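Chemist: please work out how this folds:
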Amino acid sequence: MSLKTKVFDTNHLTEIKTPMLKGVQGIEVYLESFTPNPYMGMCDMALATWGSQIRKWKILTPEERFHVVSKVLQNKALPLGRESPSFLFSISGVSRSSFDQIARQRIGSTFSSLGWNNVHTEDGFRISNEILDSDSGWEKEIQICVNMLKDLYVTMIKCGISWQSARDVLPLGMLHHFHFNITYEALRTFCGRRLCFSEKEDTVSVAWLMRERIKEKFPLLASYLRPSCDW
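Modeler: Residues are numbered from 1 along each chain as shown. As a prediction, this is how the structure comes out:
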């Protein structure tokens, strides 16, 4: 097959490196920014319809604040308060196929993702434990296939195929990086599904690591982030 030569920038092409990661190895989740006091917003929004004082947090005792927030978290108040806190995560090392699952979360969330028309010569590849544990010997065959596709990807670009078209040959196991902004209410819904071990393992790992990052800052909020089967 002949390839028509076009003019595309190949200066960003680097040496081909494809680290092969196993299971959930190397997934990183950082909490980049967050609502400084999520409990205050929950409390004030829950009590906004009562009385003439709109900012009630500052006049309540710590015990009263905890009582109101607990009712919000227990679904015994309107959900508006749970929508007020938001959290921005940066996530790296997840497979492209699992990103597709995670990015189905829509209401109350926003994604900013690495463009797949960028250079991918050094991106790694993730092999699931299900494949590794199957005693099939497929790991070596997968490595050969991924390396061949990486070589083809670079060759196509050097021959003038656009970055956008060349990425079509890259497999869904390639590693991906993205930002994920989400409200607390949406995060509860997300965790209810994605914390379940019936999901793909690196999808589950991302959800549990997001929960851990919340737990480090707000243990009370994290205690209500559970797989739906726990309830």
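Chemist: contacts and neighbour counts: CA atoms only from here.
Modeler: Fine.
Chemist: any idea how far Val29 is from Arg194?
Modeler: 15 Å (Cα to Cα, to the nearest Å).
Chemist: scratch that, Leu209
Modeler: Distance, Leu209 to Arg194, by Cα to Cα: 11 Å.
Chemist: ok, the two, which is more surrounded?
Modeler: Counted by other Cα atoms under 10 Å, Leu209 and Arg194 do not tie: Arg194 has more neighbours, with 25 against 18.
Chemist: just the pLDDT at the more buried one, thanks.
Modeler: The model reports Arg194 with a pLDDT of 95.
Chemist: Asp9 now?
Modeler: 57.
Chemist: helix, strand or coil: sort out Phe178 for me.
Modeler: Assigned with DSSP: H, G, I helix; E, B strand; the rest coil, Phe178 falls in the strand class.
Chemist: could you give the bridge partners of it?
Modeler: Ile91, Ser113 (DSSP bridges).
Chemist: confirm for me that it is in contact with Leu114.
Modeler: Yes - contact criterion Cα atoms under 8 Å: Phe178 and Leu114 qualify, at 5.8 Å.
Chemist: between those two, tell me which one has more neighbours.
Modeler: Set side by side, Phe178 and Leu114 show more neighbours around Phe178, with 18 against 12, by other Cα under 10 Å.
Chemist: so which strand or helix has the most far-flung residue of the chain relative to its centre?
Modeler: Going by Cα atoms, centre = their mean, the residue of the chain most distant from its centre is Ser52, 41.2 Å out. In this structure, Ser52 sits in neither a helix nor a strand according to DSSP states H and E.
Chemist: so for it, what's the pLDDT?
Modeler: For Ser52, pLDDT reads 78.
Chemist: please apply the same query to His12.
Modeler: 66.
Chemist: on contacts alone, who are the packing partners of the lowest-mean-pLDDT helix or strand in the chain?
Modeler: Least confident helix or strand of the chain, by mean pLDDT, DSSP states H and E, is helix 163-166 with a mean of 86. Applying 3 or more Cα pairs under 8 Å, 6 or more residues apart in numbering; DSSP states H and E, we find helix 163-166 packed against helix 138-158.
Chemist: which other helices and strands does the helix it packs on contact?
Modeler: helix 129-132, helix 163-166.
Chemist: at 6 Å what do you get?
Modeler: Packing contacts for helix 138-158, counted by 3 or more Cα pairs under 6 Å, 6 or more residues apart in numbering; DSSP states H and E, involve no helix or strand.
Chemist: just the mean pLDDT for it, thanks.
Modeler: pLDDT averaged over helix 138-158 gives 92.
Chemist: okay, Phe180 and Met210: tell me how far apart.
Modeler: Phe180 is 10 Å from Met210, by Cα to Cα.
Chemist: hmm, back to that, report the buried residues of the least confident helix or strand of the chain.
Modeler: Of all the residues in helix 163-166, those buried under the rule 16 or more other Cα atoms under 10 Å are Trp163, Ala166.
Chemist: pull that helix out as PDB, backbone CA atoms only.
Modeler: Taking C-alpha atoms only, helix 163-166 is exported to PDB below (Å, rounded to 0.1, in the frame of the first residue of the first chain):
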ATOM      1  CA  TRP A 163      -1.600  12.700  14.100                       C
ATOM      2  CA  GLN A 164      -5.400  12.400  14.100                       C
ATOM      3  CA  SER A 165      -5.600   9.500  11.700                       C
ATOM      4  CA  ALA A 166      -2.400   7.700  13.000                       C
END
